[in-house]
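In: any chance you can model this:
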Amino acid sequence: MPCCTYNSSVQRYVYDFIIDYFGYAYIYEIMLGGIAQDLMSVRTRDVTQLESETINTKHEAKIGFYISMGTTVTSGYDKQKHDKFMEKVQSETSTRLGGDPSIKDLNAWAKTVSDNPVVSKFSMKFIVDLLNTQRFPSDTHIADKAKLIKTAPAKGCPIGYIKFSNWRRCYKQVDSLVDLWGTLCGFDTAGYIPRIQVPCGG
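Out: All right, here's what the predicted structure looks like:
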């Protein structure tokens, strides 16, 4: 890699031979398992009404999850309350990821997850974290190269790359800025970096 002053040839090298080949981040930790979930849609006013009638909506949703997953529910199950809760459910979608999804019983399905797991969680780090003297002891400029790689996205993307930079999480003042890659908007030929703000929760 060329070193040690940032210029257009370094920028092109970083994008063509580092980011294009390896990406800007890598996964260093991954968790495999199974995911069983049930999504119920209930209007807020219906939740308020049910709660006023001493129906615990969270408890009834939990019971609904077990029933939708084919599990027999015995403790804490009041059929009359549950039926009243389910009348207010506008839609319900049950999903199983991993294991054998054709198995209806939750406990039996859980036993098949180890044979067919899915990614349930992963952690990422920036690729420049790998560039250090421990991994590259013979490269006396490895720290400078890491800085150059880190600098390239902040300086703007060459034509043909997509970048969205300096996204603020809310309209209010925030301290941390986040770089997102490969989505939302690209650079024009002048290298303009778009900056937008989104409402809280958006």
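In: in the protein, which spans are helices?
Out: Here the chain has its helices, by DSSP state H, at 8-13, 20-22, 44-52, 57-68, 79-88, 106-110, 142-155.
In: buried stuff in the second one?
Out: In terms of neighbour count (16 or more other CB atoms under 10 Å), helix 20-22 has no buried residues at all. For the C-beta atoms, the positions are set from N, CA and C on the backbone; glycine is no exception.
In: hang on, the earlier thing: right, and the helices of the chain - which one's nearest Phe122?
Out: helix 20-22 (16.7 Å; CB to CB).
In: how far is that closest one from where the chain is centred?
Out: Chain-centre distance of helix 20-22: 21 Å, with CA atoms, centre = their mean, to the nearest Å.
In: who touches it?
Out: Contacts to helix 20-22, defined as CB atoms under 8 Å, 6 or more residues apart in numbering, come from residues Ile127.
In: so Phe126 touches Tyr24, yeah?
Out: Yes. Judged on CB atoms under 8 Å, Phe126 makes contact with Tyr24 at a distance of 6.5 Å.
In: between those two, who's got more neighbours?
Out: Tyr24 (19 against 16; other CB atoms under 10 Å).
In: quick check, that one in contact with Pro153.
Out: Yes. Between Tyr24 and Pro153 there is a contact under CB under 8 Å: 7.0 Å.
In: can you find the helix or strand of this structure with the lowest average pLDDT?
Out: Ranked by mean pLDDT, DSSP states H and E, the weakest helix or strand in the chain is strand 178-186, scoring a mean of 35.
In: what distance do you get for Phe136 to Ile142?
Out: Phe136 sits 4 Å away from Ile142, taking CB to CB, to the nearest Å as the criterion.
In: of these two, give the one with the bigger neighbour count.
Out: Set Phe136 next to Ile142 and count neighbours by other CB under 10 Å: Ile142 wins out with 18 against 15.
In: mind listing what the more buried one touches?
Out: So Ile142 contacts 131-133, 135-136 (CB under 8 Å, 6+ apart).
In: any regions of this protein where pLDDT drops low?
Out: 154-202 (pLDDT under 70).
In: do that again at 80, thanks
Out: 74, 152-202 (pLDDT under 80).
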